[in-house]
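Visitor: Next comes the sequence, and after it the predicted model I'd like to discuss.
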Amino acid sequence: MGSKEVDPKGMEGHPYYREGEDLGSPQRKSGFDREQALKYVKEIAFPRKTGTEGEPRAAQTIVRILKDMGYEVREEDFSIRLPPWLWIKSPSLIFLFSFFTIWLTFEKIPLVAFLFSSAFLLWIGVWDRVWICVGEWIVSGDLKGDMRSKNILAKIPEGEDRRPFYLVAHYDSKSQSLNLYLRTGLFLLGCLTGGIFCLWVWIHSIRMWMGNGEFFMPTFVQTCFLMAAGLNLLILFSKIGNESDGALDNASGVAVLLEVARDVIRQSPKRVHPVFLFTGGEEMGLLGSLMVRKRYGKEMVRSKSFFINIDSVGQRGKMRVCSSGNVRRRRLRQIRWIAKRRGIPLRALPFHKGILMDHLPFCQLNIPSLSLTSISKEGWHIHTVRDRCSGVQKEGLEEMGEMILGLIGSLEFEDRRRQ
């Protein structure tokens, strides 16, 4: 993004600009209080898995803090139609069924093996769309499901006429025997080896129909089958509980947004309308954000909303950005420009489409949507009982908070120039 879009010339009176300071300067000060942000982390750092008493307790803490600040707060309950274990474990179950079906049929019933291998290869390219379509059916606002969660939306009073800027963090937690990094690595390795196995079967089936192939599976392909099946069995039977305090994931993100909210309501933006959204059920597969998409997706498209998700804020200097889709490029350049001017090391997270983060459902609506997170050695504790407050660095909270406030300032000036 060129500097003309955020040049501070003519910014006198701007709520996020002080005379003599550069809007993108690392030295620019705001009202973000890292000590207060750390206090917010400690207030909700306790087990709060969806469906347990901890999640509504955390939600009520967030609502209380926001109302004390003066925000209009809306609590939106939703129900979950499927048992959580089935929703979370279903990918591994489907993969295992597909792999063993292909293994048992590719020699004698090649058509069946061809169809299953084709389905798996297609799934690798469209998994996010399948997940979101099914997920939108799983969540419902009629509250008839056996399990419930809620989303929390907070707005500055009388700000509806401005362009919405959604700032999002999930507040539920998750605990399992495999940490997030390890589980993600195993899942990706399982997809890779399963993809190689299915691709070989797909090609071999076509060659057999053309009369050019004979039955012979190389050792390498057999190894891929065994690895794919074994890794999915490991993920399937990994223990899931409710022992983690979820300090990094994601009490830290919630704390950053609460402190940003405190600063924003004191210096209310004049041209953008920050909407603070705290989602439930994220660890169940983005269910909270899917419910928001289901309720407000069309309205968000019409109002040209911008969507930033904050998830797992660790140490200073480890910030990463996740994005997907063509519409994200301009905003991605904007965020990188702000980070550069503030001296914040920012890199793109290499995982395909951010794996599962709350920005993903909105990318498919062509809404500019990004996730900001931190990658550090403390991340090896995410989703385990070791995810405690001791792993949250207040300097990291401050860095993320300053980044968000700088972005709000940039959006303010951008809208001012258009007018």
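Guide: Everything's here; your move.
Visitor: hey, let's count contacts and neighbours off CA atoms from now on
Guide: Noted.
Visitor: what about the residue nearest the centre of the chain, distance to residue 310?
Guide: Nearest to the geometric centre of the chain sits residue 357, at 1.8 Å (C-alpha atoms, centre = their mean). For residue 357, the distance to residue 310 (C-alpha to C-alpha, to the nearest Å) stands at 9 Å.
Visitor: Identify the contacts common to these two.
Guide: Shared contacts of residue 357 and residue 310 (C-alpha atoms under 8 Å, 6 or more residues apart in numbering): residue 371.
Visitor: OK, contacts around the residue nearest to the centre of the chain?
Guide: Per C-alpha under 8 Å, 6+ apart, neighbours of residue 357: 286, 309, 311, 371.
Visitor: How is residue 173 assigned, secondary-structure-wise?
Guide: Secondary structure state of residue 173, per DSSP: H, G, I helix; E, B strand; the rest coil, is coil.
Visitor: thought it was touching residue 48?
Guide: Yes. Counting by C-alpha atoms under 8 Å, residue 48 is a contact partner of residue 173 at 5.2 Å.
Visitor: can you pull the contacts of residue 61?
Guide: Contact partners of residue 61, counting by C-alpha under 8 Å, 6+ apart, are 43, 44.
Visitor: Do you know the pLDDT at it?
Guide: For residue 61, the pLDDT comes out at 97.
Visitor: mind listing what's buried in the one helix or strand it maps to?
Guide: Take DSSP states H and E as the rule and residue 61 turns out to sit in helix 54-69. By neighbour count on 16 or more other C-alpha atoms under 10 Å, the buried set for helix 54-69 is 54, 55, 56, 58, 59, 62, 63, 66, 69.
Visitor: Residue 268: how many residues sit nearby?
Guide: Counted by other C-alpha atoms under 10 Å, the residues lying close to residue 268 total 17.
Visitor: how close does it sit to residue 156?
Guide: In terms of C-alpha to C-alpha, residue 268 sits 8 Å off from residue 156.
Visitor: what's the answer for residue 340, then?
Guide: In terms of C-alpha to C-alpha, residue 340 sits 30 Å off from residue 156.
Visitor: end to end, how far does stretch 212-225 reach?
Guide: Using C-alpha to C-alpha, the end-to-end distance of stretch 212-225 comes out at 23 Å.
Visitor: Of all the residues in that stretch, which ones are buried?
Guide: Applying 16+ other C-alpha under 10 Å to stretch 212-225 flags 221, 224, 225 as buried.
Visitor: For the first one, give me its contacts.
Guide: Taking C-alpha under 8 Å, 6+ apart as the definition of contact, the neighbours of residue 221 are 196, 197, 200.
Visitor: Show the pLDDT at the second one.
Guide: Reading off the per-residue confidence, residue 197 sits at a pLDDT of 96.
Visitor: one step back: show me what counts as buried in the following helix or strand past the helix holding residue 61.
Guide: Using DSSP H and E, the helix or strand that follows helix 54-69 towards the C-terminus is strand 72-80. Judged by neighbour count using 16+ other C-alpha under 10 Å, the buried positions of strand 72-80 are 73, 76, 77, 78, 79, 80.
Visitor: Quick check: closest non-adjacent residue to the fifth one.
Guide: The shortest distance from residue 79 to any residue other than its chain neighbours is 4.3 Å, reached at residue 148 (C-alpha to C-alpha, 6 or more residues apart in numbering).
Visitor: Tell me where the model's unsure across the chain.
Guide: Of all residues in the chain, those with pLDDT under 70 make up the ranges 1-30, 159-161, 213-215, 324-328, 350-355, 414-419.
Visitor: more crowded one of residue 173 and residue 48?
Guide: Higher neighbour count among residue 173 and residue 48: residue 173, with 30 against 26, using other C-alpha under 10 Å.
Visitor: ok, now which ones touch that one?
Guide: Contacts of residue 173 (C-alpha under 8 Å, 6+ apart): 47, 48, 49, 50, 242, 244, 245, 246, 249, 250, 283, 383.
Visitor: Please flag which of the residues you listed sit within helices.
Guide: The members of these all map outside helices under DSSP state H.
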